[in-house]
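In: Dropping a prediction and its sequence here:
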Amino acid sequence: MKYKSIFNQRKALRFRHFSRKGFALFACLGRVVTIGVLSVATLQSASAASDDFNSTSEATDNNQKVDKEATLDDVEVTGSRAPLALGQAARMVTVLSREDIQAAPVQSINDLLKMAVGVDVRQRGAIGAQTDVSIRGGTQEQIAILLNGINICDPQTGHNTLDLPCDISDIERIEVLEGPAGRIYGTSSLVGAINIVTTSSPKLGEARRGLNMRLEGGSFAYLSTAGRIALPFSSLSASFTRSDGYQRSKAGNLNSNYQGIKAFWNSQFSILDSQFACHAGISTKGWGSNTFYSAKFDEQYEKTTKMFAALQGNMSIGKLHFKPTIYWNRSYDRFELIRGDESKVPFNHHRTDVFGINLNSYFDWVAGRTAFGAEFRNEDIVSGNLGEPLNEPHGDYKYGLNRSNLSFHLEHNILLRRFTLSAGFIAIKNTWSEMPFTLYPGIDASYRMGNNWKVYASYNSSLRMPSFTELYYSVGGHKADKYLKPEELSAVEAGVRYTSRVLTAKASIFRHHARNMIDWVMDSREADPVWQSVNHTKVNTLGEEITLNSQLPILNCQLSYCHLHQKKQEPDYLQSQYSLEYLRHKVTATIQMQLTKKLGLTVNYRWQDRMGSYTTTTGEVKSYHPYSVVDARLVWNAECYSIYVEGNNLTNHQYIDYGNVPQPGCWITGGVKWIL
């Protein structure tokens, strides 16, 4: 097969006319996404699929006639290792499209994820200063965050995983895969994965506008500016954001201020019949951490820098298709318990380097489609307090640790007219724990009934290696265990999906069984208790999700609900920082109205009830209380510009979603975007 000059792309078709159709198709980096109804500013449930790059098709398994215009510049949602035929993939993926992102009343990717009903976003600071993201009752350490399909997780700590080197305006789509994803994404994806896909650069001769600019400001001295220039085969973007923050310390100093800079470059090119893509970016930011890590100190500060570079390819030899990737990440982290004063408490300095090589391949034969491949990933840290003593300490780095992960995967897909069976495994070995090769299998199945119904079921398993912080952070009231075991999780899920011209509905039920779950716990019986990293014996999670989405000519509505119930073998006297604090109930709702031809309104509502408690500075134990938040965005769209005003937490509700860290009240921003 001849591939076009789009990196990492599998066979794809796009139907340009989505309005009021019972289907929609997104071509992706090797996968196409089928969506029940394409709705602006709402989250969709999608399944991975694909068709021939260079062919047109009568697509859809119910033989509906559709527009037959092939496109070659879309990106994929990955639900399996191998690309599957249109409408046949079994694994379900939640998709946030570019239209959703542009319409949402948010300033960061973190805020966007809050509207995914299965995702728990615990934001310690505004504007994405620091955010813990988890899926279906897990912790921020237990999900894989990917940028264009590349794992950018920081092995030091999950707190810094969302330090993305790209601006929100660079994002083409966000894909959320709920449940264990080890067979697809390897380690780290214990309870799921989030893949952030950036906008591709234009090809030579494409009629794309070349310069986008944004300027916005608002409450708490908030200011953000960004620009993106698109040239043939290449694009470059940069952004600057700052705010004085929404609160001050007891001494009257700023303690929630923020300042950050990002720059991102990507390029696509072809050599013979092979396609390649380069990505490189940097993010540096500093923020007042008020009481993030200790309620006794309200002038903490942290600064992080992340650098990212990757080269990805797409090539074929006969019927065998190869998709190689090589990448490197470097992260710096400096934490100040007492801001600007190292004389009392030394600053924490860390530097991590991650290097990886990945190869995914697939081929077709008489029995179906088979995918296979391997990945090598090396993780290294030098630090002021994490790891083993270095033979030659240098500067602020006196300790360090290096570990490597090697994995092999194999997957086979059996495709019938209405039935799909996808099964495989990943075999993983890690040098840190002298862990032998261990298999983690998975199987997905789906059956399409008539033109509107689809039922699916799956079993998947995965693991996660402990972070360097969980293994070695033994300062400031913490005691780590460097002999922690890897976490392991297996899950079963079943669901049904209905799609019609005006309504898309999905319901699912799932059960997670976890072993050796890692958490920081405190024994309240001790006279001077400390936080200790431990392996929980067992954690079981039972959950249900339901989503209803309707699309009318001038009104789009979505309502989603997720319920979780966890059982743990854990005594009452243990207080948890993470895994015992989960969202028992979460409700999200979105309404988008087209008031006039150019004037649009989006309103988001979120209500959530969190389990768990926290200890105040006075020693009082408080439970988390349910709360609701209303956000809205009013926008005027013209041909070359748009003007908008946004309001977050319009009811000015005072709430705490993370112990002793108050969240901001009403936050108003306004801005303008130009397309030149």
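Out: Received it, and whenever you're ready, just let me know what you need.
In: Only C-alpha atoms from now on, for both contacts and neighbour counts.
Out: Fine.
In: Provide the count of other residues in contact range of the closest residue to residue 672 other than its chain neighbours.
Out: Counting by Cα to Cα, 6 or more residues apart in numbering, residue 672 lies nearest to residue 643, which is 4.5 Å off, once chain neighbours are set aside. For residue 643, the neighbour count with other Cα atoms under 10 Å is 17.
In: and residue 643, what does it touch?
Out: Residue 643 is in contact with 635, 636, 637, 670, 671, 672, 673, counting by Cα atoms under 8 Å, 6 or more residues apart in numbering.
In: do you know how far it is from residue 139?
Out: To residue 139, residue 643 is 38 Å away according to Cα to Cα, to the nearest Å.
In: so which of the contacts of residue 643 is the most crowded?
Out: Once you tally neighbours by other Cα under 10 Å, residue 635 ends up highest among those, having 21 neighbours.
In: Work out for me the element that residue sits within.
Out: Under the criterion of DSSP states H and E, residue 635 resides in strand 627-637.
In: How about residue 471?
Out: Per DSSP H and E: residue 471 is located in helix 468-472.
In: Only the buried residues of the strand holding residue 635, if you could.
Out: 628, 629, 630, 631, 632, 633, 634, 635, 636, 637 (16 or more other Cα atoms under 10 Å).
In: How much space separates the first one from residue 437?
Out: Residue 628 sits 46 Å away from residue 437, taking Cα to Cα as the criterion.
In: Now do the SS call for the residue most central in space within the chain.
Out: The residue lying closest to the centre of the chain (Cα atoms, centre = their mean) is residue 194, at 2.9 Å. Put simply, residue 194 is strand when judged by DSSP: H, G, I helix; E, B strand; the rest coil.
In: Double-check it against residue 148; I have them as touching.
Out: No. Judged on Cα atoms under 8 Å, residue 194 makes no contact with residue 148 at a distance of 10.2 Å.
In: all strands for the stretch 451-600 of the chain, in order.
Out: For the stretch 451-600 of the chain, strands defined by DSSP state E, counting those that start in this stretch occupy the ranges 453-464, 478-479, 487-499, 503-523, 531-551, 555-568, 574-576, 583-594, 599-610.
In: Which one of these lies nearest to residue 398?
Out: Evaluated over these, closeness to residue 398 peaks at strand 478-479, with 18.6 Å, by Cα to Cα.
In: In its sheet, which strands sit next to the closest one, and in what direction?
Out: Looking at strand 478-479 with DSSP bridges, its partner strands are strand 531-551 (parallel).
In: The strand it pairs with versus strand 555-568: what angle between them?
Out: Calculated by axes from the mean of the first three to the mean of the last three Cα atoms, to 10 degrees, strand 531-551 forms an angle of 150 degrees with strand 555-568.
In: With just CA atoms, put strand 531-551 into CSV.
Out: Extracted as CSV, the C-alpha positions of strand 531-551 are listed here (Å, rounded to 0.1, in the frame of the first residue of the first chain):
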residue,chain,number,x,y,z
TRP,A,531,3.0,9.7,55.6
GLN,A,532,4.3,6.3,54.5
SER,A,533,4.3,4.8,51.0
VAL,A,534,2.7,1.3,51.1
ASN,A,535,1.2,-1.4,48.9
HIS,A,536,-2.5,-2.0,49.7
THR,A,537,-3.4,-5.6,49.8
LYS,A,538,-6.4,-5.3,47.6
VAL,A,539,-8.7,-2.7,46.1
ASN,A,540,-12.0,-3.6,44.3
THR,A,541,-13.9,-1.0,42.3
LEU,A,542,-17.4,-1.4,40.9
GLY,A,543,-18.7,1.4,38.6
GLU,A,544,-21.4,2.4,36.2
GLU,A,545,-21.4,5.1,33.6
ILE,A,546,-24.2,6.5,31.4
THR,A,547,-24.1,9.2,28.8
LEU,A,548,-27.0,10.8,26.8
ASN,A,549,-26.3,13.2,23.9
SER,A,550,-28.8,14.9,21.7
GLN,A,551,-28.2,17.1,18.7
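In: Let me see the mean pLDDT of that strand.
Out: Averaged across strand 531-551, pLDDT comes to 91.
In: next one: that strand to chain centre, how far?
Out: Strand 531-551 sits 16 Å away from the centroid of its parent chain (Cα atoms, centre = their mean, to the nearest Å).
In: buried set for it?
Out: Across strand 531-551, burial judged by 16+ other Cα under 10 Å covers 531-536, 538-551.
In: can you check stretch 480-498 too?
Out: Buried residues in stretch 480-498 (16+ other Cα under 10 Å): 480-482, 484-498.
In: cool, stretch 403-419 as well?
Out: By 16+ other Cα under 10 Å, the buried positions in stretch 403-419 come out as 404-415, 419.
In: Please report the distance of the residue nearest to residue 672 from residue 599.
Out: For residue 643, the distance to residue 599 - Cα to Cα - is 10 Å.
In: what about the helix holding residue 471, average pLDDT?
Out: Helix 468-472 comes out with an average pLDDT of 94.
In: Tell me, how many residues neighbour residue 594?
Out: Using other Cα under 10 Å, residue 594 has 15 other residues around it.
In: what's across from it in the sheet?
Out: Applying DSSP bridges, one finds that residue 594 bridges with residue 600.
In: and it, what does it touch?
Out: With Cα under 8 Å, 6+ apart, residue 594 has these contacts: 554, 555, 600, 601.
In: So what would you say the end-to-end distance of stretch 337-347 is?
Out: Taking Cα to Cα, stretch 337-347 runs 7 Å from one end to the other.
In: what about the residue nearest to residue 672, helix or strand, and which?
Out: If you go by DSSP H and E, residue 643 is part of strand 641-648.
In: Can you give the distance from the following helix or strand past that strand to the centre of its chain?
Out: Going down the chain from strand 641-648, the next helix or strand is strand 656-658, by DSSP H and E. Centre-to-centre, strand 656-658 and its host chain are 21 Å apart (Cα atoms, centre = their mean).
In: Also stretch 173-185?
Out: Put simply, stretch 173-185 sits 9 Å off its chain's centre (Cα atoms, centre = their mean).
In: now swap in stretch 504-512 and tell me
Out: With Cα atoms, centre = their mean as the basis, stretch 504-512 stands 20 Å off its chain's centre.
In: which residues touch it?
Out: Here stretch 504-512 makes contact (Cα under 8 Å, 6+ apart) with 36-37, 45, 489-499, 540-550.
In: Mind doing that once more with 6 Å?
Out: Contacts to stretch 504-512, defined as Cα atoms under 6 Å, 6 or more residues apart in numbering, come from residues 36, 490-498, 540-549.
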